[in-house]
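Undergrad: structural data only, the sequence is not supplied:
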Ligand SMILES: Nc1ncnc2c1ncn2[C@@H]1O[C@H](COP(=O)(O)OP(=O)(O)OP(=O)(O)O)[C@@H](O)[C@H]1O
Ligand SMILES: O=C(O)[C@H](O)COP(=O)(O)O
């Protein structure tokens, strides 16, 4: 996958229309995690240094095609301006004559942030006329919205049909770290996949089994696999409809000589509650009255040993109910093992990234993806429309 990148364009005195993913968490009108804004700054700063004026656009939340002040970009514009260290003007709308006048008035080095592109239903419908209206705001289009690259929307895909289009540094970095995992990873390559459901992770497992040496399956999804192996799983999470899929995945891994590590011990509770007493089960089999809520210490040892030998590791999805402190150990230890590893380590998926941040380990991971759904679809081997539009 070879992309057109911003290094290949002369931006001097040009208007750059830049799609970013500023879909960030807010509480009481204040951005509570600005990771995605920070991640877009190298591209914005580069464009400004190279003499461009910049029209930035993003969605925020799901306002369903209606102008709703609750979903205004205003609080995000404020944080963006603080981080950029210069004024950011918030446009009066997304398209229209007033915005066109604001764009026309931009001078070299100025930054204008459009209102929430999802205030128009045409955005998600990838309406060509809407995409053309956006394209009219720039001489060139830059996409740095990796987190939204799996959506074929007007601002992520449609607009690329009307302007010379380039990948920003963030998209370039995400692809640089993730593409080799699907093509030619440094080996041994270990994938650690967790989270609640087999149904949402089976495609990624089926994709990674092609290049992995070892696959660890943890979290709530592990019990369906244990059940098909004939283990008792007590009252743990199980997806009956996915037992057959889980069985054929295990058969495929065996056929390919891929080692699959499933929990060999557990931390359980009698009830799915934060304050339920922690009961250690020293075997793969879980007694009838218990719920598996975290991997046990022997499983943790197996995972740490695999990570220690690895040259590349990818992690997506927590190993247990890490939101409950007593069941966070498996996820914490995996996070620490990755942080201490000399392998190339890539972490994707909302909850595993949240766990890395909760334990303050982000700077010790080779690459923490800014994409939730996008990173999962990338690892599934799917073509992301927002990235495809930037290919040479
Ligand atoms: N043993 C378990 N039983 C029930 N739920 C579990 C278990 N282990 C992990 N979980 C839950 O799985 C959830 C995460 O699953 P999900 O599939 O959403 O993962 P993810 O890929 O990290 O998330 P995202 O979709 O945000 O990227 C967490 O809320 C966690 O509490
Ligand atoms: O947070 C995300 O995963 C992206 O910003 C995409 O948001 P969406 O799922 O509402 O399209």
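TA: Yep, that arrived. Worth saying up front: this structure is predicted, and the values here are computed from it rather than measured. Numbering: from 1, shown residues only. Ligands and ions are numbered 1, 2, ... in the order given.

Undergrad: which residues does the residue nearest to residue 171 when sequence neighbours are not counted contact?
TA: Nearest non-adjacent residue to residue 171, counting by C-beta to C-beta, 6 or more residues apart in numbering: residue 146, 5.1 Å away. (Glycine included, C-beta is placed from N, CA and C.) Neighbouring residues of residue 146 by C-beta atoms under 8 Å, 6 or more residues apart in numbering: 21, 170-171, 174, 369-371, 374-375, 386.

Undergrad: go on, residue 115?
TA: 67, 72-73, 90-94.

Undergrad: for the spatially closest residue to it that is not a sequence neighbour, give its distance to ligand 1.
TA: Among residues not flanking residue 115 along the chain, residue 94 sits closest, at 5.0 Å (C-beta to C-beta, 6+ apart). For residue 94, the distance to ligand 1 (C-beta to the nearest ligand atom, to the nearest Å) stands at 27 Å.

Undergrad: got the phi/psi numbers for the nearest residue to residue 145 once chain neighbours are set aside?
TA: In this structure, residue 145 finds its nearest non-sequential neighbour in residue 21, 4.0 Å apart by C-beta to C-beta, 6+ apart. Torsion angles at residue 21 (phi, psi; degrees, to the nearest 10) stand at phi -110, psi 90.

Undergrad: how close does residue 21 sit to residue 295?
TA: Look at residue 21 and residue 295: by C-beta to C-beta, to the nearest Å, they are 32 Å apart.

Undergrad: please apply the same query to residue 83.
TA: Relative to residue 295, and taking C-beta to C-beta, residue 83 is found at 37 Å.

Undergrad: tell me where the protein has helices.
TA: For the chain, the helices defined by DSSP state H occupy 35-49, 74-84, 97-104, 121-124, 128-135, 169-183, 198-208, 222-228, 243-255, 297-309, 329-340, 350-358, 373-379, 385-388.

Undergrad: mind listing what's buried in the fourth one?
TA: Buried residues in helix 121-124, counting neighbours by 16 or more other C-beta atoms under 10 Å, are found at 122-124.

Undergrad: got it, and stretch 91-109?
TA: 91, 93-95, 99, 102-103, 106.

Undergrad: with stretch 236-246 instead?
TA: Under 16+ other C-beta under 10 Å, the buried positions of stretch 236-246 are 236-239, 242, 245-246.

Undergrad: what sits closest to residue 132 if chain neighbours are left out?
TA: Nearest to residue 132 is residue 162, by C-beta to C-beta, 6+ apart, at 5.7 Å.

Undergrad: okay, now the one you found: neighbour count?
TA: Residues lying near residue 162 (other C-beta atoms under 10 Å) number 17.

Undergrad: do the same with residue 85
TA: Residue 85: 8 neighbours (other C-beta under 10 Å).

Undergrad: if we can go back for a sec, let me have the buried residues of stretch 236-246 in CSV, extended by pLDDT and distance to residue 313.
TA: Formatted as CSV, these follow (pLDDT from 0 to 100; distance: C-beta to C-beta, whole Å):
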residue, pLDDT, distance to residue 313
236, 98, 26
237, 98, 25
238, 97, 27
239, 98, 26
242, 97, 25
245, 97, 25
246, 98, 23
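
Undergrad: between those, which is nearest ligand 1?
TA: residue 237 (4.6 Å; C-beta to the nearest ligand atom).

Undergrad: residues of the stretch 51-200 of the chain that sit close to ligand 1?
TA: 195-197, 200 (C-beta under 6 Å from any ligand atom).
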